[in-house]
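Trainee: pasting the structure only:
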């Protein structure tokens, strides 16, 4: 049997090209988009996309849920069980995509018309971006089950190719917005929406043709649908928590400070996402190993978990410290004169968020692999809501806008401490920890 180091190295190397190409594409794309739309236009797009992506938070929850059950079947060496889980998950994902469209065009549309703050002259463009974003989120919802199938089977080289294609399509969308800057918001939103549909088709075709167990001939299994559905519903609490923690905080900034703050927020998290790509490569490589070996090799699992935490820390702390220390020069070099106000302070807070998220992931994946998530999700959701309420109090008290991100970072630190406690206390019978000398 392959050892951990070889499997992780193979998976990581397959995704490294994707990470580097996505970094370059996103780096150039943001520069083009900010230059094309201006700070106000980019802030308007960021505010609209922030509202739309409230409905995408369930996508990551669904993908993690499906990965958990597919990895479990692979760990048990059950090919028929894998096919049943995939078919059942596909049906749930279709329902999720329909729910996203319905919620977006009702609840989301009502908030857009009555509460979202956008400049009057950009309201028409914002409306087009909103509806295009709903289509994009629905396509991303459908993609989750195919991405989970590839990840569970460790098809990292194929995911790398699709990631490269996604980066190139994002860069092409930004170039179109720059070329037609008079209608840049609409062009950018429609291009990204079309790209997401094309990528969905590519994911589906590959999985049905090349991944064993991916088919719809087995039909739906009621027990599997219930098991995945219940796990997903409890896990949804964490997705709802992220809505409050991130999207809710961004919407609060929109209400209290306008679209310029949304531009600063978006730039800060774009920097965070670009730097996080290398960490995400490692997490993408280690995730299927954690999910499978939790059931297959429990005696060696503690060593794998703590090694994953250490690597995550090294990969996140070094770039975060560099960017936080040189944030003003970095943003000026990157965006020139288009740096939004407060982007420096927001970026420094986002670096703290990045490091905490990187350290949290291995513990979160372990808890999801164990399957007992009710208490875990309730606690995390309560912490997220508390973070949102703290942000509202800070803004109402007249404190600087960057204090919102400070509240988010503080909430994430507390959540990390709880994840460690949960794994050590509530999963002590499932994991064999090395004895202290």
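Mentor: Ah, there it is. Owing to the predicted nature of the structure, the values given are computational and were not obtained by experimental measurement.

Trainee: Can you tell me the element the residue sitting nearest the centre point of the chain falls in?
Mentor: Most central in the chain under C-alpha atoms, centre = their mean is residue 60, positioned 6.2 Å from the mean C-alpha point. Assigned by DSSP states H and E, residue 60 falls within helix 57-75.

Trainee: gap between that helix and the chain center?
Mentor: Relative to its chain's centre, helix 57-75 lies at 14 Å (C-alpha atoms, centre = their mean, to the nearest Å).

Trainee: Which strands and helices lie in contact with that helix?
Mentor: Using 3 or more C-beta pairs under 8 Å, 6 or more residues apart in numbering; DSSP states H and E, the elements in contact with helix 57-75 are helix 79-103, helix 123-152, helix 222-242, helix 259-296, helix 343-370. Placement of C-beta: from N, CA and C, glycine included.

Trainee: In contact with the residue nearest to the centre of the chain, which residues?
Mentor: Going by C-beta atoms under 8 Å, 6 or more residues apart in numbering, residue 60 touches 144, 239.

Trainee: Compute the distance between it and residue 40, please.
Mentor: Distance, residue 60 to residue 40, using C-beta to C-beta, to the nearest Å: 30 Å.

Trainee: Read off the pLDDT value for the closest residue to residue 287 other than its chain neighbours.
Mentor: Leaving aside its sequence neighbours, residue 287 sits nearest to residue 365 (C-beta to C-beta, 6 or more residues apart in numbering; 5.6 Å). With respect to pLDDT, residue 365 scores 84.

Trainee: which residues sit in contact with residue 365?
Mentor: 64, 283, 286-287, 290-291.

Trainee: Flag the shaky bits of the stretch 151-300 of the chain, pLDDT-wise.
Mentor: Within the stretch 151-300 of the chain, the ranges that satisfy pLDDT under 70 run 217-222, 234-235, 237-238, 296-298.

Trainee: hmm, 50 instead?
Mentor: Applying pLDDT under 50 to the stretch 151-300 of the chain flags no residue at all.

Trainee: Do a quick rundown of the helices in the stretch 301-437 of the chain.
Mentor: 301-325, 327-335, 343-370, 374-396, 402-426 (DSSP state H, counting those that start in this stretch).

Trainee: Of these, which is nearest residue 125?
Mentor: helix 327-335 (21.3 Å; C-beta to C-beta).

Trainee: Looking at that closest one now, give me its mean pLDDT.
Mentor: The model assigns helix 327-335 a mean pLDDT of 90.

Trainee: could you measure the closest residue in space to residue 309 that isn't next to it in sequence against residue 316, distance?
Mentor: Spatially, and ignoring its direct neighbours in sequence, residue 309 is nearest to residue 362 (5.0 Å; C-beta to C-beta, 6+ apart). Separation of residue 362 from residue 316 (C-beta to C-beta): 12 Å.

Trainee: before we move on, what about residue 101?
Mentor: Distance of residue 101 to residue 316, given as C-beta to C-beta: 35 Å.

Trainee: who has more neighbours, the two?
Mentor: More crowded of residue 101 and residue 316, by other C-beta atoms under 10 Å: residue 316, with 23 against 16.

Trainee: Can you get me a residue count around residue 368?
Mentor: The tally of other residues near residue 368 (other C-beta under 10 Å) stands at 25.

Trainee: The nearest residue to it once chain neighbours are set aside: what's it in contact with?
Mentor: Spatially, and ignoring its direct neighbours in sequence, residue 368 is nearest to residue 68 (5.3 Å; C-beta to C-beta, 6+ apart). Taking C-beta under 8 Å, 6+ apart, we find residue 68 in contact with 231, 291, 368-369, 371.

Trainee: Kindly reformat those as JSON lines containing distance to residue 308.
Mentor: As requested, those are exported to JSON lines (distance: C-beta to C-beta, whole Å):
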{"residue": "231", "distance to residue 308": "22"}
{"residue": "291", "distance to residue 308": "12"}
{"residue": "368", "distance to residue 308": "14"}
{"residue": "369", "distance to residue 308": "12"}
{"residue": "371", "distance to residue 308": "19"}
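
Trainee: Could you measure from the closest residue to residue 311 other than its chain neighbours over to residue 16?
Mentor: Leaving out its chain neighbours, the residue that sits closest to residue 311 by C-beta to C-beta, 6+ apart is residue 282, at 5.9 Å. Distance of residue 282 to residue 16, given as C-beta to C-beta: 10 Å.

Trainee: try residue 379
Mentor: The gap separating residue 379 from residue 16 is 35 Å, by C-beta to C-beta.

Trainee: so how many other residues sit close to the nearest residue to residue 85 once chain neighbours are set aside?
Mentor: In this structure, residue 85 finds its nearest non-sequential neighbour in residue 69, 4.8 Å apart by C-beta to C-beta, 6+ apart. A count of neighbours around residue 69, defined by other C-beta under 10 Å, yields 25.

Trainee: do residue 99 as well
Mentor: If we define neighbours as other C-beta under 10 Å, then residue 99 has 14 of them.

Trainee: now for the contacts of residue 68, which pair is the farthest apart?
Mentor: Top of the distance list for the contacts of residue 68 (C-beta to C-beta): 231 and 291, 12.9 Å.

Trainee: Mind checking which of those two has more residues around it?
Mentor: Neighbour count, other C-beta under 10 Å: between residue 231 and residue 291, residue 291 has more, with 25 against 20.

Trainee: Would you mind confirming that the more buried one is in contact with residue 152?
Mentor: Yes: in this structure residue 291 lies within contact range of residue 152 using C-beta atoms under 8 Å: 7.3 Å.

Trainee: Can you give me the distance of the residue nearest to residue 368 to residue 142?
Mentor: 19 Å.

Trainee: Spatially nearest residue to residue 33, not counting backbone neighbours?
Mentor: Nearest non-adjacent residue to residue 33, counting by C-beta to C-beta, 6+ apart: residue 174, 4.9 Å away.

Trainee: That neighbour - how many residues pack around it?
Mentor: Residue 174 has 27 neighbouring residues, counting by other C-beta under 10 Å.

Trainee: Also the one 3 residues further on?
Mentor: Counted with other C-beta under 10 Å, residues neighbouring residue 177 total 28.

Trainee: Cheers, nothing more for now.
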